[in-house]
Structures are given as structure tokens and as C-alpha cells.
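Undergrad: got a predicted structure plus its sequence, pasted below:
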Amino acid sequence: MADDLSADVVVVGAGPAGAAAALMLAPFHRTLLVDRVGVNVATPAPQIGESLPGAAWRLLRDLGLWDDFQRQGHQPCYARRSIWGDLRPVLTDSLRDADGPGWRLDRARFDVWLRDWACRRGAALVAPARAAALKAAGDGWRLTLIRHGRPLTVSARWLVDAGGRAAPLARMLGQQRNRSDRLVCRWLWGRSADFDSALSVSAEPDGWWYTALIPGGRRVLAFHTDADLDAARSTVDVDALMARARAQAGLEPLLGTFRLDVGTTVGRSAAHSSWIVRAAEPGWIAVGDAALACDPLSARGLLNALYTAFLGAGAVRETLAFGGMDALRDYQSTVDRMREAYRDGLRAWYGLETRWIYRPFWSRRVNRAVTGRNWTGAPDAKANGTFLP
């Protein structure tokens with residue numbers, strides 16, 4: 001039976017990493033972009049990641065998106081506040097950053113904008129669809145997608161796994177995924193009348209909090225802890241999460257005008273560090289969280305997505321044009337270096353918080369900071385800036 005569709009490259013996952021990879025590949029190769037979200041759905045599922053550092057402007061420029069990005073109206077972020085290591089807040093402003101301020105994103109609009117650019121560059125969008133089966137076929141692949149409950153088979157020369165921490169293609173290929181912790185995030189949105197626009201991070205005995213104003217007069221409030229701790233099990237409802245937030249000395253002043261939207265529920269998302277041992281092999285490559293998923297403390301998840309997509313798409317183009325393994329080896333080496341830099345940065349920042357070293361959340365991380373065991377993870381500190389605290 002003939003294949004239903006064929007392409008040079010299939011990108012599975014249409015988040016920032018997948019959309020960025022597709023918009024780079026589409027002008028040169030027949031590119032299919034697979035999205036779990038329907039094409040007529042203007043607002044993707046809520047995302048906790050809402051910021052982009054100033055260093056991203058270089059990538060947006062190289063992707064050919066910088067001018068249009070500036071027209072999108074995302075709000076600049078001029079300061080970060082952290083209560084980490086003691087009770088004194090430390091304020092860091094963007095005046096010392098050569099790249100200038102970052103942005104507080106309307107994340108849903110940002111994701112749709114990137115996906116639309118991929119289509120404008122020539123990528124064909126299949127949505128809603130998910131990868132269900134994969135097998136090698138000659139010098140390429142046969143990928144089975146499920147679309148509207150029915151199978152759709154695609155033949156492709158190359159595959160790009162941009163499917164997030166789930167890494168569906170890497171999993172089907174038997175790739176080992178390593179995980180160094182159990183970090184989870186409990187979060188919610190509300191409305192706030194205050195004008196404190198700093199991103200705020202505050203440590204507490206069983207984890208840490210993040211809060212920031214985001215476009216539309218909303219404030220996001222997020223608690224990070226380990227999934228096996230009582231703190232995670234006891235913050236699954238709105239009242240419990242808000243009560244815990246209001247008990248934090250560093251957060252209470254920011255929550256004075258905070259009001260929950262009607263019908264608000266607690267969002268839950270994975271936040272652990274994880275990676276696959278091989279992020280590039282003949283015929284396929286992983287980008288974004290599929291290759292390397294970061295602890296949100298790094299504040300570089302989106303930048304990591306764009307950076308690996310940019311490099312990964314370049315490696316695919318070079319390999320399709322000239323063959324060989326050099327481009328794939330270079331990409332793998334870059335991801336390995338990013339993981340080492342991420343590991344070192346995360347060790348250093350968690351190691352600064354010693355007030356609760358006998359509490360399980362912190363003892364796990366302080367021990368890792370001292371011994372160097374059980375950590376590996378993400379972005380090049382030079383390319384991606386500093387960690388949040």
C-alpha cells in the first residue's frame with residue numbers, strides 16, 4: 001500500500017523547538033510539522049514558562065524573526081528579585097546585562113506565532129495528530145500518526161523529535177532517558193493590581209516559589225518541590241496552594257492585590273532535569289526538551305528550545321546536503337557541553353541555599369552540590385545567561 005504522505009523531514013512536536021526547527025528546514029526541504037493541538041485552536045494548553053532572556057534576540061535575528069517579534073508587544077522584564085540563602089531580597093536589574101532586558105511573554109500567543117511562521121516558511125502542518133509507531137524503511141522511516149482517531153502513514157528521510165520530555169520518537173527508537181530528580185511544579189494564574197514587574201524567586205523549606213506579572217494584568221504563582229514529598233501532595237487544590245504562598249514572607253507583599261480567576265484550578269507540570277544519552281544519530285535528531293529538559297530554576301527552557309532547534313536544523317540540512325556524520329557529531333558535542341554547564345550552574349545555585357539542609361528537598365540538592373553525583377542537564381551558561389537567583 002502506498003504511503004499516505006511523504007516528506008524529506010518530519011518534525012514531531014510544534015512547540016517552540018519544533019516550530020523553530022521546521023521554519024529553518026522548510027525553505028530547503030519538504031517539511032511536515034506534527035502538532036497535537038488542532039489547527040483551529042488559537043490557544044494551546046497553558047504553559048508555566050512565561051519568560052525569555054535578553055540573549056534570545058540573537059537567535060530570533062538568526063531565525064529571521066527579530067523584527068516581527070518586536071511587533072508582538074511582549075513586555076520587557078527589567079529586574080529579578082531573589083530571596084535565596086537568607087531573608088534579604090537581592091534585586092538584579094538588566095542594566096548590567098549587555099543583551100538588555102528579557103521579556104515576559106504571552107506564552108500561548110508566542111507558541112502560535114512561531115507555529116504560524118513555520119507554515120509561512122513552507123512547512124505543512126498536520127494537526128491534531130500524535131506519533132504512534134515508527135519503523136525503518138530503506139534509507140528512511142515510516143512513521144504512523146493518529147489523526148482524528150485514524151492512522152496516517154508518513155514516509156520520511158529524516159525525523160526531528162521535538163516532543164518535549166516525553167520524547168516520543170526517541171522512546172520508540174529505544175533511546176535511554178536519564179532523570180536526575182523528581183521536581184514538579186504546582187501553579188495557578190490570577191489577576192493582580194500591583195505594578196511590581198520583577199520576576200521573583202523565593203526559597204522555602206520544601207522547595208521554592210516563582211511569581212511574575214505576565215501580559216494581560218495576570219500574575220503567575222508557581223511552587224516547585226519534589227513529587228514524593230508531602231509538600232507536593234498537600235498543594236493540589238487552590239486553597240492549600242494559596243495558603244502556603246501567603247505564609248511565605250517573600251511572597252506575601254506581592255499577593256496583596258492577587259485575585260484568582262473564577263474557576264481557577266491548580267496546574268501541574270513536570271519540572272525535573274532529564275536528557276537522552278544520544279540526541280543525534282543517522283536519520284533522526286532530538287531538540288528542545290526532548291534532548292535536554294531543564295529545572296525551571298535555570299530560567300532558560302525557551303532559550304534552550306530555540307538554540308537546540310537552530311543548531312539541530314542546521315545539522316539536518318548539512319547532513320542531507322553532504323552526508324557523513326560530522327554535523328551530527330558536532331551537534332551531540334554541543335548538547336553534551338550544554339548539559340555539563342547546566343549541571344555546574346544548578347549545583348552552584350542550589351548549593352547557595354543552606355538554611356534547610358536537613359530537609360529532604362534541600363539535602364538531596366546540597367549533597368549533589370558537594371559530591372557531584374546524580375546531576376546532568378542543559379544550556380551553555382555563556383550562551384544562555386545566568387540562573388534565576
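TA: Structure received. Numbering: from 1, shown residues only.
Undergrad: helices along the stretch 1-150 of the chain, start to end?
TA: Secondary structure of the stretch 1-150 of the chain by DSSP state H, counting those that start in this stretch: the helices cover 16-25, 56-62, 66-70, 107-120.
Undergrad: tell me which of the ones you listed sits most buried.
TA: Ranked by mean neighbour count, the helices of the stretch 1-150 of the chain are led by helix 16-25 with a mean of 30 (mean count of other CB atoms under 10 Å). For the C-beta atoms, the positions are set from N, CA and C on the backbone; glycine is no exception.
Undergrad: for this structure, what are the low-confidence residue spans?
TA: 1-3, 38-49, 95, 367-389 (pLDDT under 70).
Undergrad: in it, spot the strand with the most residues.
TA: strand 150-161 (DSSP state E).
Undergrad: pull out the buried positions in that one.
TA: Across strand 150-161, burial judged by 16 or more other CB atoms under 10 Å covers 152, 153, 154, 155, 156, 157, 158, 159, 160, 161.
Undergrad: re earlier: save the helices of the stretch 1-150 of the chain as TSV, and put in distance to residue 202 too.
TA: Shown next, in TSV, are those (distance: least, CB to CB, whole Å):
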stretch	distance to residue 202
helix 16-25	27
helix 56-62	25
helix 66-70	30
helix 107-120	22
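Undergrad: tell me which of those sits nearest to residue 229.
TA: Distance to residue 229, taken as CB to CB, is lowest for helix 107-120 among the helices of the stretch 1-150 of the chain, at 27.3 Å.
Undergrad: just the CA trace of the closest one, in PDB.
TA: The C-alpha atoms that make up helix 107-120 are tabulated as PDB, following Å, rounded to 0.1, in the frame of the first residue of the first chain:
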ATOM      1  CA  ARG A 107       3.200  32.300  26.000                       C
ATOM      2  CA  ALA A 108       0.200  31.000  24.200                       C
ATOM      3  CA  ARG A 109       0.400  33.700  21.600                       C
ATOM      4  CA  PHE A 110       4.200  33.200  21.300                       C
ATOM      5  CA  ASP A 111       3.700  29.500  20.500                       C
ATOM      6  CA  VAL A 112       1.100  30.100  17.900                       C
ATOM      7  CA  TRP A 113       3.200  32.900  16.400                       C
ATOM      8  CA  LEU A 114       6.200  30.500  15.900                       C
ATOM      9  CA  ARG A 115       4.000  27.800  14.500                       C
ATOM     10  CA  ASP A 116       2.500  30.200  12.000                       C
ATOM     11  CA  TRP A 117       5.900  31.300  10.900                       C
ATOM     12  CA  ALA A 118       6.900  27.700  10.300                       C
ATOM     13  CA  CYS A 119       3.800  27.400   8.000                       C
ATOM     14  CA  ARG A 120       4.600  30.700   6.300                       C
END
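Undergrad: could you name the helices and strands sitting against it?
TA: helix 16-25, strand 31-34, strand 124-126 (3 or more CB pairs under 8 Å, 6 or more residues apart in numbering; DSSP states H and E).
Undergrad: now do it against helix 16-25, angle only.
TA: 20 degrees (axes from the mean of the first three to the mean of the last three CA atoms, to 10 degrees).
Undergrad: now helix 107-120: how far from the chain's centre is it?
TA: 15 Å (CA atoms, centre = their mean, to the nearest Å).
Undergrad: from residue 259, how far out is the most centrally placed residue in the chain?
TA: Nearest to the centroid of the C-alpha atoms of the chain, with distances taken as CA atoms, centre = their mean, sits residue 301, at 3.7 Å. Per CB to CB, to the nearest Å, residue 301 is found 28 Å from residue 259.
Undergrad: measure stretch 259-276 end to end?
TA: Terminal residues of stretch 259-276 lie 41 Å apart, using CA to CA, to the nearest Å.
Undergrad: what comes up buried for it?
TA: In stretch 259-276, counting by 16+ other CB under 10 Å, buried: 266, 267, 269, 270, 271, 272, 273, 274, 275, 276.
Undergrad: let me know the closest of those residues to residue 245.
TA: residue 266 (11.3 Å).
Undergrad: and of the helices and strands packed on helix 107-120, who's closest to residue 178?
TA: It's helix 16-25; of the helices and strands packed on helix 107-120, that one is closest to residue 178 (CB to CB) at 18.9 Å.
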